[in-house]
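Engineer: Model the following, please.
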Amino acid sequence: MSILKKIAFLVFFNSSLFIVLMIGLQNNSKQSKVDFIINETVNLPIGFIVGASFISGSLTGSLVSSRILNNNKLSS
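Structural biologist: Numbering: from 1, shown residues only. Just a heads-up that it's a prediction; the model follows:
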């Protein structure tokens with residue numbers, strides 16, 4: 001499978017997860033703020049914070065692992 005197909009699949013899969021997350025959070029009333037070092041965010045639903053963290057971690061981890069596998073194939 002070429003690297004372009006892998007990236008397209010990863011983007012499609014994680015975008016699908018994000019859309020399902022948005023649909024599921026329509027009537028969520030529990031909200032919280034995320035504290036950064038300098039300031040904090042607006043009130044966001046807790047499910048959105050957790051879901052967005054999971055999706056961004058999944059996308060980043062998949063891209064990094066595919067990059068490492070691609071470099072290993074080129075070295076061999």
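Engineer: what packs against the lowest-mean-pLDDT helix or strand in the chain?
Structural biologist: Ranked by mean pLDDT, DSSP states H and E, the helix or strand of the chain with the weakest confidence is helix 46-75, at a mean of 79. Contacts defined by 3 or more C-beta pairs under 8 Å, 6 or more residues apart in numbering; DSSP states H and E place helix 46-75 against helix 3-24, strand 31-32. Quick note: C-beta positions are derived from backbone N, CA and C, even for glycine.
Engineer: Report the beta-bridge partner residues of the closest residue to residue 28 other than its chain neighbours.
Structural biologist: By the measure of C-beta to C-beta, 6 or more residues apart in numbering, the closest residue to residue 28 outside its immediate chain neighbours is residue 45, 4.1 Å from it. Applying DSSP bridges to residue 45 gives these bridge partners: residue 31.
Engineer: okay, now residue 45: neighbour count?
Structural biologist: 18 (other C-beta atoms under 10 Å).
Engineer: How about the one 3 residues further on?
Structural biologist: When counting by other C-beta under 10 Å, one arrives at 16 neighbours for residue 48.
Engineer: which residues touch it?
Structural biologist: 21, 25, 28 (C-beta atoms under 8 Å, 6 or more residues apart in numbering).
Engineer: How much space separates it from residue 5?
Structural biologist: Look at residue 48 and residue 5: by C-beta to C-beta, to the nearest Å, they are 30 Å apart.
Engineer: re earlier: any idea how far the least confident helix or strand of the chain is from the chain center?
Structural biologist: Relative to its chain's centre, helix 46-75 lies at 8 Å (C-alpha atoms, centre = their mean, to the nearest Å).
Engineer: okay, now the residue nearest to residue 62 when sequence neighbours are not counted: neighbour count?
Structural biologist: Spatial nearest neighbour of residue 62, excluding adjacent residues (C-beta to C-beta, 6+ apart): residue 10 at 4.8 Å. Residues lying near residue 10 (other C-beta under 10 Å) number 16.
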